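[1] quick one, fold the following:
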Amino acid sequence: MRFGNVLTLGAALICATAASFLARSWMNEQTAVRHVMVAMPQETMPPATSPIVVAARNLEPGEKLSSDMLRTVAWPNDARLNGAFENPALLAQPGQERTVLTAITANEPVMEPKLYKAGQGSLASNLGGSMNAVTIRVNEVAGVAGFVQSGDRVDVFMTAGGKSGEGGTPVAEQPSVVVLLRNVRVLATDQTTERKGQAAPAKAVTLEVGTQDAQKLILASTIGELSLALRRANGGGDIPTRPIAADELITGSIPVTAKPAQVVTVVRGGERQEYVMQSGAVAARKVR
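    Got it, this is the predicted structure:
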């Protein structure tokens, strides 16, 4: 064999060996890269998220939700919260706003257990500014046979007198009735704040009144009987009223408050005179 051929064969073997070594190194690097990608998928790929409703500020119990109180943030799907909401519009629909049951801090997820049920709200949340809720007892007649329902407007009447107290002691000389309060909003009948489909007599009616009117109601319930008069839907004007006593019901009758007539006899100089006294004044005079 010629020396040149030997030299060519040696060079070919060297090149083949080098090519094999380079190919093996490249394959090892690719395998290492694939191992890294398989072993660390969560660190290199962001988790999937969905929107969730959170409080835009601190929310207090009794507040009705509005769009400015809520906002949405991205929340990981693998840490989804049961009872959470995705759309704030569902919580603040006009006329159907959900009411906060327990306090919710800013950026805290708004959860179903922290809200009143749909269509239900706290009685306190329905009160106007500086108003109070006062409950009075009524019977079927005083409660207008169950036709008074939440949202209606009523006048409150108080009837006092005409009955005996403990031991038969009269509490007043004659019965009388007075318009105690006018144009008062009904908050609830019994424990229902929603209107009913048909009339149902209630045993208690809760009214929205100011502080002084609340005092009147509480005091009046201890000294007389309270009755309601249903007002027309659009309110109407208020006609001046005054207390009405029993003696005004029967025309021409002697007032119940009138005291029995008394006869006073006076003798002067052998002349006898009799004076008939009625209600502290001289009603007639007889001379004998």
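
[2] and the pLDDT at Asn58?
    pLDDT, Asn58: 94.

[3] buried sites along the lengthiest strand in the chain?
    Ordering each strand of the chain by length in residues (DSSP state E) puts strand 176-189 first. For strand 176-189, a neighbour-count test (16 or more other CB atoms under 10 Å) marks Ser176, Val177, Val178, Val179, Leu180, Leu181, Val184, Arg185, Val186, Leu187, Ala188, Thr189 as buried. For the C-beta atoms, the positions are set from N, CA and C on the backbone; glycine is no exception.

[4] wouldn't the second one be in contact with Gly161 here?
    Just to be clear, that refers to Val177. No. With contact defined as CB atoms under 8 Å, Val177 does not reach Gly161; the gap is 9.2 Å.

[5] ok, back up a step: which elements pack onto the longest strand of the chain?
    strand 153-160, strand 204-209, helix 211-223, strand 244-245 (3 or more CB pairs under 8 Å, 6 or more residues apart in numbering; DSSP states H and E).

[6] looking at the ones you listed, spot the one closest to Ala233.
    Ala233 sits nearest to strand 153-160 of all the helices and strands packed on strand 176-189, at 8.2 Å, using CB to CB.

[7] can you tell me the strand partners of the closest one and which way each runs?
    Its sheet considered, strand 153-160 pairs with strand 176-189 (antiparallel), strand 225-230 (antiparallel) by DSSP bridges.

[8] any chance of those in CSV with mean pLDDT as columns?
    Formatted as CSV, those follow (pLDDT from 0 to 100):
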stretch, mean pLDDT
strand 176-189, 86
strand 225-230, 87
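
[9] ends of stretch 84-102, what's the gap?
    One end of stretch 84-102 sits 15 Å from the other (CA to CA, to the nearest Å).

[10] now that stretch: buried residues?
    Neighbour-count burial for stretch 84-102, counted by 16+ other CB under 10 Å, picks out Ala84, Phe85, Pro88, Leu91, Ala92, Glu97, Arg98, Thr99, Val100, Leu101.

[11] closest to Ala214 out of these?
    The closest of the buried residues of stretch 84-102 to Ala214 turns out to be Thr99 (CB to CB; 23.2 Å).

[12] now the closest one: how far from Leu65?
    Distance of Thr99 to Leu65, given as CB to CB, to the nearest Å: 7 Å.

[13] same question for Leu230.
    Distance from Leu230 to Leu65, counting by CB to CB: 33 Å.

[14] burial check on the closest residue to Thr192 other than its chain neighbours, number of neighbours?
    Leaving aside its sequence neighbours, Thr192 sits nearest to Ser150 (CB to CB, 6 or more residues apart in numbering; 6.9 Å). When neighbours are counted by other CB atoms under 10 Å, Ser150 registers 17.

[15] correct me, but Ser150 touches Leu187?
    Yes. Using CB under 8 Å, Ser150 is in contact with Leu187, at 6.1 Å.

[16] show me what contacts the closest residue to Ala188 other than its chain neighbours?
    Leaving aside its sequence neighbours, Ala188 sits nearest to Thr206 (CB to CB, 6+ apart; 4.3 Å). Thr206 is in contact with Leu123, Ala133, Val134, Thr135, Val186, Leu187, Ala188, Thr189, counting by CB atoms under 8 Å, 6 or more residues apart in numbering.

[17] residues in contact with Val205?
    Thr135, Ile136, Val138, Gly143, Val148, Val186, Ala188, Thr189, Leu228.

[18] again, only using 7 Å
    Shown in contact with Val205 (CB atoms under 7 Å, 6 or more residues apart in numbering): Thr135, Ile136, Val138, Gly143, Val148, Val186, Thr189, Leu228.

[19] out of these, the closest to Asn77 would be?
    Thr189 (46.5 Å).

[20] so what's that closest one up against?
    By CB under 7 Å, 6+ apart, the contact set of Thr189 is Val148, Gln149, Ser150, Ala202, Val205.

[21] switch to 8 Å and redo it
    Counted by CB under 8 Å, 6+ apart, Thr189 has contacts Gly143, Gly146, Val148, Gln149, Ser150, Lys196, Ala200, Ala202, Ala204, Val205, Thr206.

[22] ok, now how distant is it from Val144?
    As judged by CB to CB, Thr189 and Val144 stand 10 Å apart.
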